[in-house]
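> Next comes the sequence, and after it the predicted model I'd like to discuss.
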Amino acid sequence: MSAGRLGDLLGTPLPVVQGPFGGGLSSVALTTAVSEAGGLGSYGAHVLAPEEITGLVGELKTHTSRPFAVNLWVPQEDEARPWPDAAELAPHIRRLHPYHEALGLPAATAEGVPPVPDFAAQAEALLAAAPPVVSFVMGLPPAWVRDEARRRGILVIGTATTVDEAVALEHAGVDAVVASGSDAGGHRGAFLRPVRESLVGTFSLVPQVADAVSVPVIAAGGIADGRGMAAALTLGADAVQIGTAFLATRESGASPAHKQALSSPEARTTVLTRLFSGRTARGIVNRFIRDLAPYEDSVPPYPVQSALMQAVRREAGAQGRADLASLWAGQAAALTTGSRSAQDYLTWLMDDFHRHHRRPEADGGGTMAPGS
């Protein structure tokens, strides 16, 4: 098929973006495999220190000469509040003691809470490293970031969960907008209204965003096969962003237990939860989510809860404890099928897309594939 508007902009032959994963789920191998296969590989860098971002971009450039994206989270206003003191953190730390014990971790303390990287320093390092594309979730990238990206010839992609957010991103000067439906796995990026007021399904959101903005639109959420891709493009998207299905590939940084969960019957049930990070995210229901469900509204906001949970998340993944890990997954997770390489998945996806995406020719006779 033809590259289309987004492909012409990015220089990628396939209208497929790999969703960026944070928290150790991204990998250089996955990002570069997707880019080498003709899509836009992405790497979630929001937990990395500035010097780590510099090294990351350098490593990605050594592994592929094709376009790739690096993603950051835009800080939200409520994150500027003072860090809680030891007394305020104590009940939240006590709540996690049973899980530290179950994983053989030392008892958590307020002094052991890791620091959060500074966004401005991260962005400066990222722009200086000059990846082909930078993408953002959770808000509007600051004007100085957009201006510096433009000066350096770096394309900017923003993420919207509502039509209003998409319009705001276009007005801010981004080059493309991801329309991220509530079906999507991982963290919700709402920034103009609370998450509960921004839960629009992908196939309701995409046509509205396509009508509202003039920049290319990338559909995200609940897309794992050619049928979903065909539906998204029919509704006006220029490309699709796929997360969960790439998370299941061999190159992703997800733990074996996480990958196994994605193709299990349990993946049919996902839930929005704040328990792992303090921000709302969609994942597969497990013991940890069920145990602490009564505290959904009382855990600290991001980044405090994320810092408190860092050791549990990492150790649960390392030990294969799917019952205690953050098993991020979208609502189409059950459509993923076992372990395969990212290139094999992309090949299958495009074949499946062409099997399902047919439209009448202009004269009303026969069928044709897009770009044929």
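Happy to help now that I have it.
> Every contact and neighbour count from this point should use C-alpha atoms.
Fine.
> Please enumerate the helices of the stretch 201-350 of the chain.
202-212, 226-234, 244-247, 256-262, 287-291, 304-318, 342-356 (DSSP state H, counting those that start in this stretch).
> swap in the stretch 1-150 of the chain?
4-10, 28-36, 50-63, 86-102, 119-129, 143-152.
> now for these, which one comes closest to Leu235?
helix 4-10 (14.7 Å; Cα to Cα).
> How far does stretch 139-154 sit from its chain's centre?
With Cα atoms, centre = their mean, to the nearest Å as the basis, stretch 139-154 stands 20 Å off its chain's centre.
> highest average neighbour count across the helices of the stretch 201-350 of the chain?
Using mean count of other Cα atoms under 10 Å, the stretch among those with the largest mean neighbour count is helix 244-247, at a mean of 29.
> can you pull the alpha-carbon coordinates of it into PDB?
Output of helix 244-247 as PDB, limited to C-alpha atoms (Å, rounded to 0.1, in the frame of the first residue of the first chain):
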ATOM      1  CA  THR A 244      -0.200  -4.800  23.300                       C
ATOM      2  CA  ALA A 245       0.500  -7.000  20.300                       C
ATOM      3  CA  PHE A 246       4.000  -5.700  20.100                       C
ATOM      4  CA  LEU A 247       4.400  -6.200  23.800                       C
END
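> Just the mean pLDDT for stretch 224-242, thanks.
Mean pLDDT, computed over stretch 224-242, is 97.
> cool, stretch 161-180 as well?
98.
> Among the helices of the stretch 1-150 of the chain, which comes closest to Arg274?
Among these, helix 86-102 sits nearest to Arg274 (Cα to Cα), with 13.3 Å.
> what's next to the closest one, contact-wise?
For helix 86-102, the external contacting residues (Cα atoms under 8 Å, 6 or more residues apart in numbering) are 106-110, 299-300, 308, 312, 324.
> Lowest-confidence entry in those?
Among these, Ala110 has the lowest pLDDT, at 79.
> number of nearby residues for it?
Counted with other Cα atoms under 10 Å, the neighbours of Ala110 add up to 16.
> What sits closest to it if chain neighbours are left out?
Closest residue to Ala110 apart from its sequence neighbours, by Cα to Cα, 6 or more residues apart in numbering: Ala86 at 5.5 Å.
> Next, the contact list for the closest residue to Ala37 other than its chain neighbours, please.
Distances taken as Cα to Cα, 6+ apart place Gln343 nearest to Ala37, at 5.9 Å, with adjacent residues excluded. Applying Cα under 8 Å, 6+ apart to Gln343 gives the contacts 33-34, 37.
> Send me stretch 316-324 as PDB with only the CA atoms.
Extracted in PDB, the C-alpha atoms of stretch 316-324 (Å, rounded to 0.1, in the frame of the first residue of the first chain):
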ATOM      1  CA  ALA A 316       7.400  -9.400  40.500                       C
ATOM      2  CA  GLY A 317       8.400  -9.300  36.900                       C
ATOM      3  CA  ALA A 318      11.800 -10.800  37.600                       C
ATOM      4  CA  GLN A 319      10.300 -13.600  39.600                       C
ATOM      5  CA  GLY A 320       7.500 -14.300  37.100                       C
ATOM      6  CA  ARG A 321       4.900 -13.400  39.700                       C
ATOM      7  CA  ALA A 322       2.000 -12.500  37.400                       C
ATOM      8  CA  ASP A 323      -0.200 -12.300  40.400                       C
ATOM      9  CA  LEU A 324       1.700  -9.200  41.700                       C
END
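> Look up how far Thr54 lies from Arg340.
Using Cα to Cα, to the nearest Å, we find Arg340 at a distance of 30 Å from Thr54.
> So those two - more neighbours on which side?
Legend: neighbour count by other Cα under 10 Å for Arg340 and Thr54, higher for Thr54 (20 against 13).
> I'd like to know how far the more buried one sits from Gln122.
Counting by Cα to Cα - Thr54 and Gln122 are separated by 9 Å.
> just Phe203 next, same as before
Note on Phe203: its distance to Gln122, by Cα to Cα, is 33 Å.
> Just list the residues touching the nearest residue to Ser214 once chain neighbours are set aside, thanks.
Distances taken as Cα to Cα, 6+ apart place Glu170 nearest to Ser214, at 7.9 Å, with adjacent residues excluded. By Cα under 8 Å, 6+ apart, Glu170 lies in contact with 176-177, 213-215.
> for the chain, which spans come out with low pLDDT?
Residue ranges of the chain with pLDDT under 70: 1-3, 358-372.
> hey, C-alpha coordinates of stretch 26-39 in CSV?
In CSV, the C-alpha atoms belonging to stretch 26-39 read as follows (Å, rounded to 0.1, in the frame of the first residue of the first chain):
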residue,chain,number,x,y,z
SER,A,26,10.6,-1.0,25.8
SER,A,27,13.7,-2.4,24.3
VAL,A,28,16.2,-1.3,21.6
ALA,A,29,15.7,-4.6,19.9
LEU,A,30,11.9,-4.1,19.5
THR,A,31,12.2,-0.4,18.5
THR,A,32,14.7,-1.1,15.8
ALA,A,33,13.1,-4.3,14.6
VAL,A,34,9.8,-2.4,13.9
SER,A,35,11.6,0.5,12.2
GLU,A,36,13.7,-1.9,10.1
ALA,A,37,10.5,-3.7,9.0
GLY,A,38,9.0,-0.4,7.8
GLY,A,39,6.9,0.8,10.7
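> Name the helix or strand for Val177, please.
If you go by DSSP states H and E, Val177 is part of strand 176-180.
> Which strands and helices lie in contact with that strand?
Using 3 or more Cα pairs under 8 Å, 6 or more residues apart in numbering; DSSP states H and E, the elements in contact with strand 176-180 are strand 155-160, helix 163-172, helix 202-212, strand 217-220.
> Much appreciated, bye for now.
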